[in-house]
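Asks: Sequence and predicted structure below; questions after.
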Amino acid sequence: MDHREAQEFAAHWAQAWNAHDLDALMTHFADNVTFRSPVAVQVIGGDGVLRGKEALRAYWAEGLRRIPDLRFEVVGVYAGLDALVINYRNQKGGLVNEVLVFDGPLVVEGYGTYLGDDPNPAGTR
């Protein structure tokens, strides 16, 4: 992935999130995607590991339901060989990194990572 492709991906990703358009967002993810996030523990329980596209969709749908003002502002985009890091600021002003690993054009692994010791990084109460 070159830097132009990474920037384009991040722009589409942010646009889909800010529009709360899960259908557009999910087009980037493989059916067998695995996504890990400490916020998933807060939102849906379990170990914070989402396995499969439908589980990921359900998690994000619940997050959008709980956070109707959700909005992301991309701060930086970092491209690797088959990975991408999107550094963004959420609606609370918190800095977050989404680490995405690709197999071809689709994300097969993802990691939500959070700065600091905020016990509630998603703003869900």
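Replies: Looks like it arrived, so ask away. If you're wondering where the values come from, they're calculated on a predicted model, not measured in any experiment. Numbers count the residues shown, from 1 in each chain.

Asks: CA atoms for contacts and neighbours, from now on please.
Replies: OK.

Asks: middle-most residue in the protein, spatially?
Replies: residue 98 (5.3 Å; Cα atoms, centre = their mean).

Asks: I'd assumed residue 85 was in contact with that residue.
Replies: Yes: taking Cα atoms under 8 Å as the definition, residue 98 is a contact partner of residue 85 at 5.6 Å.

Asks: what residues does the helix or strand containing residue 63 touch?
Replies: According to DSSP states H and E, residue 63 maps onto helix 53-66. Contacts to helix 53-66, defined as Cα atoms under 8 Å, 6 or more residues apart in numbering, come from residues 20, 22, 26, 29-35, 40, 43-44, 50, 70, 124.

Asks: what's the distance between that helix and the middle of its chain?
Replies: Relative to its parent chain, helix 53-66 has a centroid offset of 11 Å by Cα atoms, centre = their mean, to the nearest Å.

Asks: just stretch 89-108 next, same as before
Replies: 4 Å.

Asks: Please identify the buried residues of that stretch?
Replies: By 16 or more other Cα atoms under 10 Å, the buried positions in stretch 89-108 come out as 89-90, 94-102, 106-108.

Asks: Please enumerate the strands of this protein.
Replies: Assigned by DSSP state E, the chain shows strands spanning 29-36, 49-51, 73-79, 83-89, 95-103, 106-114.

Asks: Next, the angle strand 95-103 makes with the fourth one.
Replies: Read it as strand 83-89. Relative orientation of strand 83-89 versus strand 95-103 (axes from the mean of the first three to the mean of the last three Cα atoms, to 10 degrees): 160 degrees.
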